[in-house]
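K.L.:
Mind looking at a prediction? Sequence and model below.
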Amino acid sequence: PEILNNSSQLSSLPLQMLLYVNGVYYIFYFLATLTMIVYKSQAFSYPDDFLAPDLLVLFIMAILEVPRLYLGSKGNLTEEEAPLGLSLVLTLGSVVLAVYFLAWQTYVLRADVILNALLLSTYGLESGLKVMTIAAFVS
């Protein structure tokens, strides 16, 4: 007897793995960036008016990261384009905030450049995989 397999899996394993890695990396990123902000506030003449906004941006970014990763994972695993698309939109917001830490924060250290370049690289790769996965779901 011939076994017919008409079910096709459209979810992306590379995307799921990258979402997991991004979640783990973001915890490291958050703690490292927070530590560097504290260090910079002690080591440099950090203007008081600029410390709170830098911390606020970091915490907004952390709050944004939770639904971004959750919706990306949920959309991928349930093969639904809406949560995956919303996650893609949230990724754009995260990219803007990462660029803030890369270029616009009060003091940018070499460690900031490395951490943010890595984060932006994973966001870019993840976004490409999200677009390809959404295209697979729609077709």
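P.N.:
Alright, I've got the coordinates.

K.L.:
The residue nearest to residue 40 when sequence neighbours are not counted: neighbouring residues, count only.
P.N.:
Spatial nearest neighbour of residue 40, excluding adjacent residues (C-beta to C-beta, 6 or more residues apart in numbering): residue 107 at 4.8 Å. The way it works is simple: take the backbone N, C-alpha and C, and place the C-beta from them, glycine included. Counted with other C-beta atoms under 10 Å, residues neighbouring residue 107 total 16.

K.L.:
how about residue 107, what does it touch?
P.N.:
40, 44, 46 (C-beta atoms under 8 Å, 6 or more residues apart in numbering).

K.L.:
For it, what are phi and psi?
P.N.:
Backbone torsions for residue 107, taken as degrees, to the nearest 10, come to phi -130, psi 130.

K.L.:
What separation do you get for it and residue 26?
P.N.:
Using C-beta to C-beta, to the nearest Å, we find residue 107 at a distance of 22 Å from residue 26.

K.L.:
Equivalent analysis for residue 71, please.
P.N.:
15 Å.

K.L.:
And what about residue 8, helix, strand or coil?
P.N.:
Recorded secondary structure, residue 8: coil (DSSP: H, G, I helix; E, B strand; the rest coil).

K.L.:
Count residues in the vicinity of it, would you?
P.N.:
By other C-beta under 10 Å, the residues close to residue 8 number 7.

K.L.:
Same check on the one 10 residues further on?
P.N.:
When neighbours are counted by other C-beta under 10 Å, residue 18 registers 21.
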